[in-house]
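Asker: could you work out the structure for the sequence below:
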Amino acid sequence: MFYFDAGFNQVFVGDLGIQNGIGGAGYDASTDTLYMINHEEQRIYDIDYATATVNGFVDIAAPDIEFHGATWFDGQLWSALVNLDTDQLVRIEISADTGGD
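Answerer: Numbering: from 1, shown residues only. All right, here's what the predicted structure looks like:
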């Protein structure tokens with residue numbers, strides 16, 4: 001996991017220990033929580049961005065997904081993704097607590 005500092009230099013924080021599949025992230029400022037979506041494991045991870053450690057995860061109750069992005073908006077995690085079952089681009093609201101949409 002890394003971030004860019006004010007000079008746009010890449011700063012390495014640490015290895016999350018998550019295999020391939022991270023494609024979307026959303027930050028909840030009200031709880032200071034960073035969520036990352038992994039399409040290969042169909043999970044939402046709760047990440048400590050200061051130490052690059054996983055605090056926990058929930059499984060996503062969604063179709064087979066890939067090629068996604070995410071954002072935190074209006075108290076929810078939203079994602080635009082490709083539903084591989086239908087080959088359609090869809091927008092979904094995902095509960096960071098339960099993984100349901």
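Asker: check contacts around the most centrally placed residue in the chain.
Answerer: What sits nearest the mean C-alpha location of the chain, by C-alpha atoms, centre = their mean, is M36, with 1.9 Å. Neighbouring residues of M36 by C-beta atoms under 8 Å, 6 or more residues apart in numbering: 16, 18, 22, 24-25, 44-45, 47, 70. In short, each C-beta sits where N, CA and C put it, glycine included.
Asker: G21 is in contact with E40, correct?
Answerer: Yes - under the criterion of C-beta atoms under 8 Å, E40 makes contact with G21 at 3.2 Å.
Asker: which one of those two has more residues nearby?
Answerer: Neighbour tally, E40 and G21, criterion other C-beta atoms under 10 Å: the higher count belongs to G21, 16 against 13.
Asker: roughly how far apart are the more buried one and L89?
Answerer: 18 Å (C-beta to C-beta, to the nearest Å).
Asker: cool, and G7?
Answerer: Relative to L89, G7 is positioned 36 Å away (C-beta to C-beta).
Asker: what is the neighbour count of I37?
Answerer: Using other C-beta under 10 Å, I37 is surrounded by 26 other residues.
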